[in-house]
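Engineer: Kindly return the folded structure for what I paste below:
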Amino acid sequence: MTKFWNNINKFPRFLFSVIVGFFLTTFYTIFELLKEKNKRLTISIIIVVFIGIITMILRQMLGIK
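Structural biologist: So this is what the prediction gives:
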């Protein structure tokens, strides 16, 4: 039973490392693309459009005007 509680105590650290690892691997490629001057504008436009679409979807789903 002690082994079970030790595993339960380790779970938050594991969950935190998985989440941080996901964001680091996801955003690393975006930051590498932003280093190139000709792709900076394209990536910025894609990010702004993506945030705008998500905002509009959430506003319509929640009924916020």
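Engineer: what's near enough to touch the residue nearest the centre of the chain?
Structural biologist: Most central in the chain under CA atoms, centre = their mean is residue 23, positioned 5.1 Å from the mean C-alpha point. By CB atoms under 8 Å, 6 or more residues apart in numbering, no residues touch residue 23. In this view, the C-beta of every residue, glycine as well, is placed from N, C-alpha and C.
Engineer: Helix, strand or coil: sort out it for me.
Structural biologist: Judged by DSSP: H, G, I helix; E, B strand; the rest coil, the three-state class of residue 23 is helix.
Engineer: quick one: pLDDT of it?
Structural biologist: Reported pLDDT at residue 23 in the predicted model: 94.
Engineer: got it, and residue 38?
Structural biologist: 84.
Engineer: Distance check, the residue nearest to the centre of the chain against residue 3.
Structural biologist: As defined by CB to CB, to the nearest Å, residue 23 lies at a distance of 31 Å from residue 3.
Engineer: same check, this time on residue 17
Structural biologist: Remark: distance between residue 17 and residue 3 (CB to CB) = 21 Å.
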